[in-house]
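> Show me how the following folds:
(4 chains)
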There are 2 protein chains.
Amino acid sequence: MDLKALAAHLNLSATTVSRALNGYSDVSAKTRQRVVEAAQALGYQPNPVARSLAMGRANAIGIVYPLEADDVADPRFLQVVSGLTEGLMEVNMDLLLASATHKGELDTYDRLVHGRRVDAFIVARTLCQDERIDYLQQAGVPFLAYGRSADCQAYPWFDFDNEAGSVLAVARLAGLGHRHIGYIHASLHYNFAHQRHAGFLRGMAEAGLPVASPWLLQAGLARRSGYQAMIGLLDQPQRPSAVIVDNNLAGVGAVRALLDRGIVMGRDISVIVYDGIPPDTLLTQHITSVVQPTQHSTGKHMATLMSRLLAGGHPLSELQMLCQPELQAGDSDGPAPG
Amino acid sequence: MDLKALAAHLNLSATTVSRALNGYSDVSAKTRQRVVEAAQALGYQPNPVARSLAMGRANAIGIVYPLEADDVADPRFLQVVSGLTEGLMEVNMDLLLASATHKGELDTYDRLVHGRRVDAFIVARTLCQDERIDYLQQAGVPFLAYGRSADCQAYPWFDFDNEAGSVLAVARLAGLGHRHIGYIHASLHYNFAHQRHAGFLRGMAEAGLPVASPWLLQAGLARRSGYQAMIGLLDQPQRPSAVIVDNNLAGVGAVRALLDRGIVMGRDISVIVYDGIPPDTLLTQHITSVVQPTQHSTGKHMATLMSRLLAGGHPLSELQMLCQPELQAGDSDGPAPG
DNA sequence: CTTACTTACCAAAGCGTTTTGGGTTATCAT
DNA sequence: ATGATAACCCAAAACGCTTTGGTAAGTAAG
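The predicted structure is shown next:
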């Protein structure tokens, strides 16, 4: 059932049927209704391929999945994707998933956008210095970054106010009387880590607390790595009375380390973890966490930004969105000792 | 740079250029070479949308991501996807990811296939009785199932020989002298669980061992659930000397339960887990596991099956593939006591 | 020197939409 | 009546490719 057939059935031209369906004003109300009803009844569905060809738009956006081994099954990535598909569905767009090694990622952008297979890209897991963003900007390929890069921010992005989140966390601990606060963070090449780190420093400064560099530890985005970092912290001659972990993968490990050492969170040490501890990790305590909007709303927001971007004519300010995190109290923190 | 422009540049017709590029035989070798070189030099890339419209093929396949909350960030799903994108890339196809609630899944199939947005589907996480498969079969939509359903298997699928895997595991334990073997499994609605369960029963029968129903426990596809199942097993008056867990999510929980109870694997109890224990779970022992081909090769195989399916003309037998699992020895099992 | 076949190429007709640039009929003030 | 305005509708071109059904030139066989 194509447009022509539907038009024939209605004794109308294809033009009119098309315009009726697409909400043009030069078709009478009653004709439009006839068309819509017939389309419904006959189960007409426009062919999106033909549509794309005629309109020069693919109505799809791309996202590339990194093939590097250590990233396999990264739940963060899947969360973005899941939220996105849902949000995009509402604006009638599809998500094309490509995979590429880090090396081949730029080629993939080129192939898909040049080939008009997608209209724009999502760039996930943004780095401080992100060559992908540099490339896409310079190549004039439309994209939306999930997370800003450090330097140039004159492009559309969706991000969380990571710095504010860390400030919240520090303020909470400072309010509980903690003066010795440790910080476990991911590689500062990731911009989210960089921002959270900056927020930590600012929060400490605002609270008038000293930052002890032995208590600033870098961990990877992995449980084991968070475990080791926490062990490293505990084995120091002087221990902080509170610790903030800047991502929940390392957070799970860090918490597990405390359990293994028999250190009780909320009593012996205070812990705040970004994004909370995922369910199904067999850790039972309620961890005080910096939480961000759900992936659901995240996906919707990004879809909105995307349609604005593709529609064109929006000022940059309407193509950027910063979400505020909140502090969710648990029982993993408590008053400072003494 | 479109086909016409390229043709003009070469003083050839668009037809000839197209046919040269697509490997038709009615173009001379030297012309073909000229065309290919010019295309390369001028950076010509065919527009896949136009291509799709002309050929009636989308050169993309779809997979739907379930939106149900408990499935969020399911690593198994991401693994399939990751392998698939890689495999599909080599046959020049793209992966369209849609999301749908369980309720809306069939509609999504309909929308995408009817709209010629994709040529076929991947159906993942197959159930014994799978209405999606019933629907797609009856609707005449091409698809490839990742895992067979129980009853009708007259469609293309890719699957592991789950039954054989369990038989291997049982044989291993029986060989070590175990006579009392417990089994923790996922819901038998999942066909992989059903098959593995059947394999367990068969293996036990072949080894002449009795199956004790209190030692057959169902757990969900979740760590916590595996934890509880193992606790349930340990709290029984009579304990098995060995346990098989049919999926690694529950497996992580089960192993954790043993650790918490101070029961040493390989000495106090023998454990075999399907698919092994993922890295980064903070569990250090090498678990003896039933392992399956990597996601990498899995993705390639599925991509191969897909192109055969879409090419048409292949007998069903060439559209189905069964992969044999292997037993990977670790130190979580040992001789039966006594 | 035909006849028949092969080789190398091409014009034109799709594929199913949207968009452009008119038309035709009614409506209305003059 | 008459020209202008608005309200509806449509034929044809365009999107960039593939495929069909040729044609013309060269070659082989009779």
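
> ok, now which ones touch A:L234?
By Cβ atoms under 8 Å, 6 or more residues apart in numbering or on different chains, the contact set of A:L234 is A:A257, A:L258, A:R261, A:I263. Glycine gets a C-beta too; all of them are placed from N, C-alpha and C.

> so which of those residues also contact DNA strand C?
Among the contacts of A:L234, not one lies near DNA strand C by Cβ under 7 Å from any atom of the strand.

> Now list the buried members of those.
A:A257, A:L258 (16 or more other Cβ atoms under 10 Å in any protein chain shown).

> give me the number of residues near the residue of the stretch 51-200 of chain A found nearest DNA strand C?
Of all residues in the stretch 51-200 of chain A, A:A54 sits closest to DNA strand C, at 3.1 Å by Cβ to the nearest atom of the strand. For A:A54, the tally of surrounding residues (other Cβ atoms under 10 Å in any protein chain shown) stands at 12.

> one step back: now, which of the contacts of A:L234 lie within helices?
A:A257, A:L258 (DSSP state H).

> if I read this right, A:V290 contacts A:A164, doesn't it?
No - the criterion here is Cβ atoms under 8 Å, and A:V290 misses it with A:A164 at 9.1 Å.

> which regions of the stretch 101-250 of chain A lie under the pLDDT threshold?
Counting by pLDDT under 70, the stretch 101-250 of chain A contains low-confidence ranges at A:152.

> try 90 this time
Under the criterion pLDDT under 90, the flagged ranges of the stretch 101-250 of chain A are A:101-117, A:124-127, A:130-132, A:134-141, A:149-153, A:220-223, A:248-249.

> Run through the strands of it in chain order.
With DSSP state E, counting those that start in this stretch as the criterion, the stretch 101-250 of chain A has strands at A:120-123, A:143-146, A:157-160, A:181-185, A:216-218, A:242-245.

> follow-up on the earlier one: the residue of the stretch 51-200 of chain A closest to DNA strand C should be in a helix, yeah?
Yes - checked against DSSP: H, G, I helix; E, B strand; the rest coil, A:A54 lies within a helix.

> if I look at it, how far off is B:Y109?
25 Å (Cβ to Cβ, to the nearest Å).

> ditto for A:A229
Applying Cβ to Cβ to A:A229 and B:Y109 gives a distance of 46 Å.

> circling back: now that we have the strands of the stretch 101-250 of chain A, can you turn them into a markdown table and tack on distance to chain B and mean neighbour count?
Formatted as a markdown table, the strands of the stretch 101-250 of chain A follow (distance: least, Cβ to the nearest Cβ, whole Å; neighbours: other Cβ atoms under 10 Å in any protein chain shown):
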| stretch | distance to chain B | mean neighbour count |
| --- | --- | --- |
| strand A:120-123 | 12 | 22 |
| strand A:143-146 | 16 | 24 |
| strand A:157-160 | 18 | 22 |
| strand A:181-185 | 15 | 26 |
| strand A:216-218 | 17 | 18 |
| strand A:242-245 | 15 | 30 |
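
> And the helices in the stretch 101-250 of chain A?
For the stretch 101-250 of chain A, applying DSSP state H, counting those that start in this stretch gives helices covering A:105-114, A:131-139, A:162-175, A:191-206, A:223-234, A:248-260.

> Let me know which of the ones you listed is tucked in deepest.
Of these, the one with the most neighbours on average (mean count of other Cβ atoms under 10 Å in any protein chain shown) is helix A:248-260, at a mean of 24.

> ok, and what's touching that helix?
So helix A:248-260 is in contact with A:184, A:186, A:219-231, A:234, A:243, A:245, A:264-265, A:269, A:271, A:273-278, A:281, A:283, A:285, A:287, A:289, A:332, B:280, B:282, going by Cβ under 8 Å, 6+ apart.

> do that again at 6 Å, thanks
A:184, A:219, A:221-227, A:230-231, A:245, A:265, A:273, A:275, A:277, A:281, A:283, B:282 (Cβ atoms under 6 Å, 6 or more residues apart in numbering or on different chains).

> just the residues you listed that are near DNA strand D?
Okay, of the contacts of helix A:248-260, nothing touches DNA strand D (Cβ under 7 Å from any atom of the strand).

> sorry, back to before: next one: the residue of the stretch 51-200 of chain A closest to DNA strand C relative to B:D94, how far apart?
Relative to B:D94, and taking Cβ to Cβ, A:A54 is found at 21 Å.

> Now A:V64. Its backbone dihedrals?
The phi/psi pair for A:V64 (degrees, to the nearest 10) reads phi -110, psi 140.

> and chain A, which residues reach chain B?
A:45, A:47-50, A:52-53, A:73, A:75, A:78-79, A:85-86, A:94-97, A:99, A:114-117, A:222-224, A:227, A:256, A:280, A:282 (Cβ under 6 Å from any Cβ of the partner chain).

> how about the residues of the stretch 1-150 of chain A near DNA strand C?
Residues of the stretch 1-150 of chain A lying near DNA strand C (Cβ under 7 Å from any atom of the strand): A:2-4, A:14-15, A:18-19, A:21-22, A:26, A:44-47, A:50-51, A:53-55.

> of those residues, buried ones?
Applying 16+ other Cβ under 10 Å to those flags A:L3, A:S18, A:R19, A:L21, A:Y44, A:N47, A:A50, A:R51, A:L53 as buried.
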